[in-house]
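Peer 1: Just a sequence and a predicted model for now, questions to come.
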Amino acid sequence: MLIPCFACESRFRPDEYFRACHDYHRGMDLVAWTCPRCGNRDELRVLPGELGFGYPRHGRFDVSDRVRVPGLRRRRQDLRLDISLDEEVWRVPTRLRGLVGAH
Ligand SMILES: [Zn+2]
């Protein structure tokens, strides 16, 4: 199971992919991700069994593309999102200032 970068089309094992997640935006329910290969920054929503990619619009995030990751689970904590798959857990902290997606 490999997860693609939509910019450079590299594919990553889940561990490599989720370690590159940073900044959980709790309000929008998004995590930011920076590609270890090309440096492209993307935002995605972690959902049970899949990842949702899309675009912020009118203060919401519309998922337009989904990548299935069987067994993927998520748990929202106060100041982070825990992503788990099989026995592994990746913790993505909430950035306390600014907004993900604000440029
Ligand atoms: Zn890339």
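Peer 2: Good, I have the coordinates. Because the structure is predicted, anything quoted here is derived from the model rather than measured. Residues are numbered from 1 along each chain as shown.

Peer 1: And the helices in the chain?
Peer 2: Taking DSSP state H as the criterion, the chain carries its helices at 14-19.

Peer 1: Can you read off the pLDDT for the residue nearest to Arg75 when sequence neighbours are not counted?
Peer 2: Distances taken as CB to CB, 6 or more residues apart in numbering put Asp82 closest to Arg75, at 4.5 Å, once the chain neighbours are dropped. Placement of C-beta: from N, CA and C, glycine included. Model confidence at Asp82, expressed as pLDDT, equals 98.

Peer 1: now swap in Asp78 and tell me
Peer 2: Confidence per residue is given as pLDDT, and for Asp78 that number is 89.

Peer 1: how many other residues sit next to it?
Peer 2: With neighbours defined by other CB atoms under 10 Å, the count for Asp78 comes to 6.

Peer 1: Equivalent analysis for Leu79, please.
Peer 2: Other residues lying near Leu79 total 11 when counted by other CB under 10 Å.

Peer 1: Could you do Phe61 as well?
Peer 2: Other residues near Phe61 number 21, with proximity taken as other CB under 10 Å.

Peer 1: For Leu72, see how far away the residue lying closest to Pro70 once chain neighbours are set aside is.
Peer 2: Leaving aside its sequence neighbours, Pro70 sits nearest to Gly49 (CB to CB, 6+ apart; 6.1 Å). Between Gly49 and Leu72 the distance, using CB to CB, to the nearest Å, works out to 5 Å.
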